[in-house]
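Asker: give the three-dimensional model of this entry:
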Amino acid sequence: MSEHKTVQVYLVSGGDFHDFDYARLELLKLLAEQEKIRVDCASNYHDIEAITASDILITYTCNLIPTEDEQKALRDFVASGKRWYALHGTNSILKFLDDGRVDAPEEAPIFMETLGSQFVAHPPIAPFKVTVADNDHELVKDIGEFETDDELYLCKFHADVHTLLETRFTGEATGFVADQWPDDEPRPVYYIHKVGAGEVLYFNLGHCRSHYDMQPRVEYYPVLERGSWQLEQYYELLRRGIKYLAENV
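Answerer: Numbers count the residues shown, from 1 in each chain. Presented below is the predicted three-dimensional model:
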């Protein structure tokens, strides 16, 4: 790469039930720390031409599902040698049932296979411990164990992924169709999924919600939730991810 070549990032932030304005602003601040990065922003995946022309795709979404053609284009984008930094609810499909439970239907297989996993459920938000699974990797080296008050993602995996951070959980994911999780096994929190010549970095921490983000289901949500955005470790991990992606364009 030329010494003066810029790195083009396409940032998608949008969907349901989260404070996407907050997340978008915080990510833009971090991206601005890398002087060669230039950013285009959107709230959906519709401009596939612009995504394909970019070097890096970054997504902070929830319940935002590309069309089938967009899913294929995203898969091909990564497989061509590009990189995708997928954050928090990017791999979620949520359907609220009449009985009040939340289902996670498998309606976008190409999308989820590209990401490497699909969100299925999470227990009620509560503090949990995150541990480093590969302390030799530059993305997480010397981060150390930390505790966060966030959504603990329970996912279905579509590939053998390279786990960087993990946690453990057994018990009940109250309110979800898949509510019983009896197996005491590592739950990946941050991983790398190789797709062709490229790769997806998936980091599922980072829940945030403000008072008006559950409309129209809830007119006023009483709790201001900032999850891992309150942690220095989270910002350090995001910085490392952005730097890693920019240096490997």
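Asker: flag the shaky bits of this protein, pLDDT-wise.
Answerer: Applying pLDDT under 70 to the chain picks out residues 1-2.
Asker: quick check, central residue of it?
Answerer: Leu87 (1.8 Å; CA atoms, centre = their mean).
Asker: just checking, that one touches His207?
Answerer: No: if you go by CB atoms under 8 Å, Leu87 and His207 don't touch, sitting 10.3 Å apart. No exception for glycine: its C-beta is placed from N, CA and C like everyone else's.
Asker: sticking with the residue lying closest to the residue nearest to the centre of the chain once chain neighbours are set aside, tell me its helix or strand.
Answerer: For Leu87, ignoring the flanking residues on the chain, the nearest one in space by CB to CB, 6 or more residues apart in numbering is Tyr60 at 4.5 Å. Taking DSSP states H and E as the criterion, the element that holds Tyr60 is strand 56-62.
Asker: what's the next secondary structure element after that strand?
Answerer: From strand 56-62 onward toward the C-terminus, using DSSP H and E, the following helix or strand is helix 68-79.
Asker: how distant is the helix or strand following that next one from the center of its chain?
Answerer: Scanning forward in sequence from helix 68-79 by DSSP H and E, the next helix or strand is strand 83-87. Between the mean C-alpha point of strand 83-87 and the mean C-alpha point of its chain there is a distance of 7 Å (CA atoms, centre = their mean, to the nearest Å).
Asker: quick one: contacts for Gly171?
Answerer: With CB atoms under 8 Å, 6 or more residues apart in numbering as the criterion, the residues that contact Gly171 are 123, 181.
Asker: distance check, it against Ala121.
Answerer: Using CB to CB, to the nearest Å, Gly171 is found at 11 Å from Ala121.
Asker: give me the beta-bridge partners of the residue nearest to the centre of the chain?
Answerer: Tyr60, Phe203 (DSSP bridges).
Asker: contacting residues for it?
Answerer: 23, 58-60, 202-204, 206.
Asker: looking at these, spot the one nearest Val140.
Answerer: Of all the contacts of Leu87, Val140 sits closest to Phe203, with 10.1 Å by CB to CB.
Asker: got a list of what the closest one touches?
Answerer: Counting by CB under 8 Å, 6+ apart, Phe203 touches 85-88, 165, 189-190, 237-238, 241.
Asker: need the helices for the protein, in chain order.
Answerer: Taking DSSP state H, the helices of the chain run over residues 20-32, 48-53, 68-79, 109-115, 232-247.
Asker: what's the closest of those to Gly198?
Answerer: helix 68-79 (4.0 Å).
Asker: quick revisit: what's the farthest-apart pair in the contacts of Leu87?
Answerer: Considering CB to CB, no two members of those lie farther apart than Ala23 and Tyr202, which are separated by 15.6 Å.
Asker: which one's more surrounded, the two?
Answerer: Under the criterion of other CB atoms under 10 Å, the comparison of Ala23 against Tyr202 puts Tyr202 first, with 26 against 21.
Asker: check contacts around the nearest residue to that one once chain neighbours are set aside.
Answerer: Distances taken as CB to CB, 6+ apart place Ala86 nearest to Tyr202, at 4.7 Å, with adjacent residues excluded. Residues counted as contacts of Ala86 (CB under 8 Å, 6+ apart) are 58-59, 115, 200-203.
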